[in-house]
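Trainee: after the sequence you'll find the predicted model.
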Amino acid sequence: KFRPDEFEDVKGQDHIVTTLQNQIKANRIGHAYLFCGTRGTGKTTVAKIFAKAVNCEHPVNGSPCGECEMCKSIAAGTSMNVIEIDAASNNGVDNIREIREEVTYRPTEGKYKVYIIDEVHMLSIGAFNALLKTLEEPPEYVIFILATTEVHKIPITILSRCQHYDFKRISIETITDRMRDLMQTEQVEVEEKALRYIAKAADGSMRDALSLLDQCIAFYLGQKLTYDHVLEVLGAVDTDVFSRLLRKVLERDVAGVLDIVEDLVMQGRELTQLAADFTWYLRNLLLVKTSDNIEDVLDVSTENMMQLKEESGMIETAALFRYIRVFSELSGQLKYATQKRIMLEVALIKLCTPAMETKQDTILERIRAVEEKVEKRIIQVEDKVPAKLLIPLSIQHMFAMFGASVLVPFIFGINPAIVLFMNGVGTLIFIVVTKAKSPAYLGSSFAFLAPAGVVISKMGYPYALGGFVAVGFCGCILSFIIYKCGTKWIDIVLPP
């Protein structure tokens with residue numbers, strides 16, 4: 001329906017269109033052409049337009065007029081001058097022999113008899129050999145147009161007899177502009193962001209883009225096609241999900257990562273597409289991390305660019321290389337996997353726990369993880385003892401301080417006030433210097449004030465006893481609260 005009828009409508013292949021138009025205008029038409037390129041880039045379309053143009057009675061600037069009888073018959077597929085052959089199903093020597101017999105007869109109407117052989121790389125070796133002589137010296141009224149996606153499979157003897165044209169992948173901007181024009185013609189309301197995502201998913205193929213667009217429109221017929229609708233139809237994932245997933249990986253939160261995977265599976269997202277898209281997300285992050293002024297290269301919105309710049313400061317380049325390696329390997333494995341979810345979860349757990357691998361980039365990340373723990377001076381130790389058997393750290397500190405500040409001075413005849421003062425100052429200095437964040441030390445720093453009240457009251461300040469004892473009692477209560485609320489994890493502060 002949307003196949004172009006003239007050269008001006010062909011998008012993204014200007015270098016080829018211009019060359020063919022100039023040949024037609026100068027009447028310097030070759031006898032054999034080879035069109036090669038990836039799927040959906042316009043090879044067959046350009047071949048059909050070229051066949052019409054060389055037979056057109058009134059060509060306009062090298063393009064077919066579309067009004068003469070020859071143009072109409074070729075467009076309708078009723079012309080005997082244009083023969084399309086599918087080499088995938090007609091790949092034998094006998095099929096080529098039929099062509100050799102047919103080329104001896106001149107066209108019944110028009111100037112040229114055009115043979116369009118699609119997927120020509122599927123021909124057998126015998127068929128290629130049978131085609132050689134005809135291809136080298138065909139009659140002056142015969143033109144061969146060979147189209148293929150795998151040019152490396154064509155014998156060099158065939159390549160040397162053809163004019164070679166490489167069809168490039170079509171850019172995202174070109175595909176988006178073409179779809180926007182078609183949607184205006186069809187009077188369908190579509191979000192710009194939705195068109196750009198479809199163009200990106202098409203991977204340079206105009207045909208794939210139009211097929212995906214038609215699929216999305218059919219699913220939401222009569223409604224405005226939004227970005228979320230496209231994601232739902234294609235089973236794709238928004239970049240915000242990739243951002244959350246990456247942050248969970250950087251936090252080494254395995255449970256959080258698996259929760260995100262669970263949500264995506266329940267939403268029916270395609271895991272193979274998820275792995276490919278996340279790899280592209282990591283690639284964009286690597287470009288932002290390693291290059292300046294990368295905005296023109298990356299096809300992302302301003303919001304996504306700001307998000308990428310923020311996340312690029314949260315991860316090392318070596319870690320990005322490892323993430324991309326793991327997910328590139330995963331993308332190849334998922335194509336043939338029966339348990340895709342398990343393989344995806346294992347790959348994500350590998351990212352969260354570098355200790356699972358022994359490769360060089362993994363070892364560097366394991367060293368980096370240890371360095372982060374040393375810098376924070378905090379080690380999280382999981383509590384494997386029943387809560388009832390635990391003695392709060394602050395209670396231990398209180399008894400130790402009481403013994404050091406009151407009982408020991410009493411035994412050795414030292415002034416307890418001096419010892420107590422030094423003990424309290426030492427505790428506070430320890431908390432400040434080591435930047436201890438454990439509330440247990442805060443409780444013990446209050447708890448040592450209880451014996452302080454006893455000593456100071458003996459020195460002639462009886463009213464200080466009640467205040468200091470009250471503050472010390474509050475410290476003990478705080479210690480018990482910490483004890484009850486923190487039975488799973490206990491912070492042990494390492495000395496500097």
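Mentor: Nice, thanks for sending it over. Residues are numbered from 1 along each chain as shown.

Trainee: in the stretch 151-300 of the chain, where is pLDDT below threshold?
Mentor: Within the stretch 151-300 of the chain, the set of residues satisfying pLDDT under 70 comprises 295-296, 299-300.

Trainee: tally of neighbours for the closest residue to residue 125 other than its chain neighbours?
Mentor: For residue 125, ignoring the flanking residues on the chain, the nearest one in space by C-beta to C-beta, 6 or more residues apart in numbering is residue 155 at 7.7 Å. Every C-beta, even on glycine, is put in place using the N, C-alpha and C of the backbone. Number of residues near residue 155 (other C-beta atoms under 10 Å) recorded here: 14.

Trainee: over to residue 65?
Mentor: Look at residue 65: counted by other C-beta under 10 Å, it has 15 neighbours.

Trainee: which ones are touching the closest residue to it other than its chain neighbours?
Mentor: Distances taken as C-beta to C-beta, 6+ apart put residue 58 closest to residue 65, at 4.7 Å, once the chain neighbours are dropped. Contacts of residue 58 were listed using C-beta atoms under 8 Å, 6 or more residues apart in numbering, and they are 65, 67, 68.

Trainee: in strands, which of the residues you listed fall?
Mentor: Nothing among the contacts of residue 58 maps onto strands, per DSSP state E.

Trainee: distance to residue 28 for the residues you listed - can I get that in TSV?
Mentor: Putting the contacts of residue 58 into TSV (distance: C-beta to C-beta, whole Å) gives the following:
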residue	distance to residue 28
65	20
67	25
68	22
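
Trainee: picking that back up, in a helix, that's where the residue nearest to residue 65 is, yeah?
Mentor: No. Counting by DSSP: H, G, I helix; E, B strand; the rest coil, residue 58 falls outside a helix, being coil.

Trainee: circling back to that earlier point, residue 12: which of the contacts of residue 58 is nearest?
Mentor: Among the contacts of residue 58, residue 65 lies closest to residue 12 (C-beta to C-beta), at 23.9 Å.

Trainee: quick one: the closest one from residue 59, how far?
Mentor: Residue 65 sits at a distance of 6 Å from residue 59 (criterion: C-beta to C-beta, to the nearest Å).

Trainee: name the residues that touch stretch 185-197?
Mentor: 172, 176, 179-180, 183, 213, 216-217, 224-227, 229-231, 236, 299, 301.

Trainee: buried among those residues? Make that a PyMOL selection.
Mentor: Here is the PyMOL command that selects only those of those that count as buried (16 or more other C-beta atoms under 10 Å):
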select buried, resi 172+176+179+183+213+216+217+225+226+227+229+230+231+236
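
Trainee: out of the contacts of stretch 185-197, which are inside helices?
Mentor: The helices, defined by DSSP state H, take in 172, 176, 179, 180, 183, 213, 216, 217, 227, 229, 230, 231 from these.

Trainee: how about the residues you listed in a markdown table, adding distance to residue 255?
Mentor: Listed next are these as a markdown table, based on distance: C-beta to C-beta, whole Å:
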| residue | distance to residue 255 |
| --- | --- |
| 172 | 37 |
| 176 | 39 |
| 179 | 41 |
| 180 | 43 |
| 183 | 43 |
| 213 | 39 |
| 216 | 35 |
| 217 | 40 |
| 227 | 30 |
| 229 | 31 |
| 230 | 31 |
| 231 | 25 |
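
Trainee: returning to that earlier point: quick check: the residue nearest to residue 125 touching residue 128?
Mentor: Yes. At 5.3 Å, residue 155 and residue 128 qualify as touching, with contact defined as C-beta atoms under 8 Å.

Trainee: isn't residue 331 up against residue 276?
Mentor: Yes. Counting by C-beta under 8 Å, residue 331 touches residue 276, with 5.4 Å between them.

Trainee: look up how far residue 267 lies from residue 332.
Mentor: Here residue 332 is placed at a distance of 24 Å from residue 267 (C-beta to C-beta).

Trainee: secondary structure element for residue 35?
Mentor: In this assignment (DSSP states H and E), residue 35 forms part of strand 32-37.

Trainee: tell me the strands beside that strand, with direction?
Mentor: With DSSP bridges as the test, strand 32-37 is paired with strand 142-148 (parallel), strand 163-167 (parallel).

Trainee: make a markdown table out of those and add distance to residue 2 and mean neighbour count.
Mentor: Below are the strands paired with strand 32-37 laid out as a markdown table (distance: least, C-beta to C-beta, whole Å; neighbours: other C-beta atoms under 10 Å):
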| stretch | distance to residue 2 | mean neighbour count |
| --- | --- | --- |
| strand 142-148 | 19 | 24 |
| strand 163-167 | 18 | 16 |
